[in-house]
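Visitor: just coords:
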Ligand SMILES: Cc1ncc(COP(=O)(O)O)c(C=O)c1O
């Protein structure tokens, strides 16, 4: 038996455990092989100048853990079968096999290497809710209720479409505020999960998806990940150009249309009723499903928002998406799909491949919050505040205009941002702003084809920060807009 070189550390308070740890490391490192005999307790005790009983305690510990075996009169040896040892030798000897293995690599977002928008003192990222407005204390009560009377059966697997009391509340709410009926509600971990699953269910490699020329990149990425090609639809000052849509439907075999009709992302325009009807008729004629992303319908200011296309969908073509990220916070990861009853089970079954369900306790608490009416009270409160912030931004920009700045914008009927024409150099302005601790995006960030970029527009979010911050940030930005 060769001498066992051990490196003792003071990891544990007991000596026998430190010795056991050193022997285990020697085995892990391959200094002694499976089945190889270990030094007797007496020999190792002499080598380490400790009591023989201490070494026996170390060996017994390793026997209990499965690293060492002991046989009558034969002393101690390394266990003959160690899974960890097999894994190590596999890596060492079959290196080529490991290297040949192919991974599907998802390229990180260009933005992922940059400083997050929330770390800027003046954050004009469009579409940010003010999370500090969320009534955490009030919501704690609903969480407590959910935990005090836990829905034991629902906390298990099953019911993958969502927690029934939450579905009931959302159905009532969407029926009342968005006139959505005759659709099945599926609870998702936010809109992004919904977009991913819908893409997987509906699209195959080479399919064409029509999207707004200026639009929502995360949705596009989910479509492209399914192998789809994106076809850009032109936009007018009212939203998508329906004539162009018709040309595209004739020219290409479009498989899916993705739209943000209420507050177009990022230009904030509202698609008028007549255009919506035309879009729907076209979709019906060519039998093309529409994803209607109604991501911030809650924040509409002077009037009730126009009903979504999904509200009048006799052919069951519209896959309607609504998110709780703006009402609550993006980290809540809660959103819903309202879809026709034929497609619903396929979406649920696909989602079950990646995740069984959304967080049931959270759904339970939100359902209680909704049922109590506190949810809509909170919505009214934040809508009033966002309206004031929109006005604050509008007043400042109008003042800048009076002072001679070349600015142009249309007051959006709702949403969380303004789309402002600054004439030129929008991208440069967005970059220079960062040096002043201001975050904003210019139109180049939203184009499907950058060659369409006129470099004129910036998007200024007003909902995520206080009026004071809006004022200070815009004053700092002003010299860049000249
Ligand atoms: C166009 C659009 N859709 C959906 C969402 C919400 O996405 P999620 O529910 O995945 O947070 C956002 C949020 O920024 C958005 O801008």
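Guide: Cool, the structure landed. Nothing here was measured: the structure is a model prediction, and the numbers come from that model.
Visitor: what's around the nearest residue to residue 222 once chain neighbours are set aside, how many residues?
Guide: Leaving out its chain neighbours, the residue that sits closest to residue 222 by Cβ to Cβ, 6 or more residues apart in numbering is residue 195, at 4.2 Å. C-beta coordinates here come from the backbone N, C-alpha and C atoms, glycine included. Other residues within reach of residue 195 by the criterion other Cβ atoms under 10 Å amount to 26.
Visitor: Contacts only, for residue 439.
Guide: Residues in contact with residue 439 (Cβ atoms under 8 Å, 6 or more residues apart in numbering) are 117, 120, 122-125, 433.
Visitor: can you tell me the helix or strand for residue 146?
Guide: Under DSSP states H and E, the secondary-structure element containing residue 146 is helix 136-148.
Visitor: Isn't residue 248 up against residue 210?
Guide: Yes - shown here, residue 248 and residue 210 form a contact pair, counting by Cβ atoms under 8 Å, at 5.8 Å.
Visitor: which neighbours do these two share?
Guide: Both residue 248 and residue 210 are contacted by 231, 233, 254, under the criterion Cβ under 8 Å, 6+ apart.
Visitor: Distance of residue 161 relative to the ligand?
Guide: Between residue 161 and the ligand the distance is 17 Å, computed by Cβ to the nearest ligand atom, to the nearest Å.
Visitor: go on, residue 300?
Guide: The gap separating residue 300 from the ligand is 15 Å, by Cβ to the nearest ligand atom.
Visitor: Now that residue: closest residue in space that isn't a chain neighbour?
Guide: Computed as Cβ to Cβ, 6+ apart, the closest residue to residue 300 that is not its neighbour in sequence is residue 414, at 3.4 Å.
Visitor: residue contacts, the residue nearest to residue 130 when sequence neighbours are not counted?
Guide: Distances taken as Cβ to Cβ, 6+ apart put residue 464 closest to residue 130, at 5.3 Å, once the chain neighbours are dropped. With contacts taken as Cβ under 8 Å, 6+ apart, residue 464 has the following neighbours: 123, 125, 128-130, 416.
Visitor: circling back: pretty sure the residue nearest to residue 300 is touching residue 262, no?
Guide: Yes - with contacts defined as Cβ under 8 Å, residue 414 counts as touching residue 262 at a distance of 7.1 Å.
Visitor: Now list whatever residues contact both of the two.
Guide: Common neighbours of residue 414 and residue 262 are listed as 270, 296-297, 300, 305 (criterion: Cβ under 8 Å, 6+ apart).
Visitor: so which of the contacts of residue 439 is the most crowded?
Guide: Among the contacts of residue 439, residue 124 has the most neighbours (other Cβ under 10 Å), with 28 neighbours.
Visitor: Briefly note if the helix or strand containing residue 170 comes near the ligand.
Guide: Mapping residue 170 onto the secondary structure by DSSP H and E places it in helix 164-178. No - with Cβ under 6 Å from any ligand atom as the threshold, helix 164-178 lies outside contact range of the ligand, at a closest distance of 13.8 Å.
Visitor: helices or strands up against that helix?
Guide: With contacts defined as 3 or more Cβ pairs under 8 Å, 6 or more residues apart in numbering; DSSP states H and E, helix 164-178 has these neighbours: strand 184-188, strand 318-323, strand 335-339, helix 360-371.
Visitor: report the angle between the axes of that helix and strand 335-339?
Guide: Calculated by axes from the mean of the first three to the mean of the last three Cα atoms, to 10 degrees, helix 164-178 forms an angle of 70 degrees with strand 335-339.
Visitor: Mind listing residues that contact helix 164-178?
Guide: Contacts of helix 164-178 with the rest of the structure, by Cβ under 8 Å, 6+ apart, involve 151, 154, 161, 180-181, 185, 187, 294, 297-298, 307-308, 310-311, 320, 322, 336, 338, 363-364, 366-367, 370-371.
Visitor: relative to strand 184-188, how tilted is it?
Guide: Relative orientation of helix 164-178 versus strand 184-188 (the same axes, to 10 degrees): 110 degrees.
Visitor: Just the closest of the shared contacts of residue 414 and residue 262 to the ligand, please.
Guide: Ranking the shared contacts of residue 414 and residue 262 by separation from the ligand, with Cβ to the nearest ligand atom as the measure, puts residue 296 on top at 7.3 Å.
Visitor: what's around the residue lying closest to that closest one once chain neighbours are set aside, how many residues?
Guide: The spatial neighbour of residue 296 that comes closest, neighbours along the chain excluded (Cβ to Cβ, 6+ apart), is residue 326 at 4.8 Å. By the other Cβ under 10 Å criterion, the neighbourhood of residue 326 contains 22 residues.
Visitor: Would you mind giving the secondary structure of residue 326?
Guide: State at residue 326, reduced to three classes by DSSP: H, G, I helix; E, B strand; the rest coil: coil.
Visitor: Pull the contacting residues for it.
Guide: Contacts for residue 326 were tallied using Cβ under 8 Å, 6+ apart; they are 127, 129, 295-296, 298-299, 416.
Visitor: and it, backbone torsions?
Guide: Per-residue torsions, residue 326: phi -90, psi -30 (degrees, to the nearest 10).
Visitor: so of the contacts of residue 326, which ones are in strands?
Guide: Restricting the contacts of residue 326 to those inside strands, with DSSP state E as the criterion, leaves an empty set.
Visitor: Looking at these, which is nearest residue 287?
Guide: Lowest distance from residue 287 to the contacts of residue 326 (Cβ to Cβ) belongs to residue 295, with 25.7 Å.
Visitor: so what's the closest one closest to, chain neighbours aside?
Guide: Once flanking residues are discounted, residue 295 sits nearest to residue 323: 5.1 Å by Cβ to Cβ, 6+ apart.
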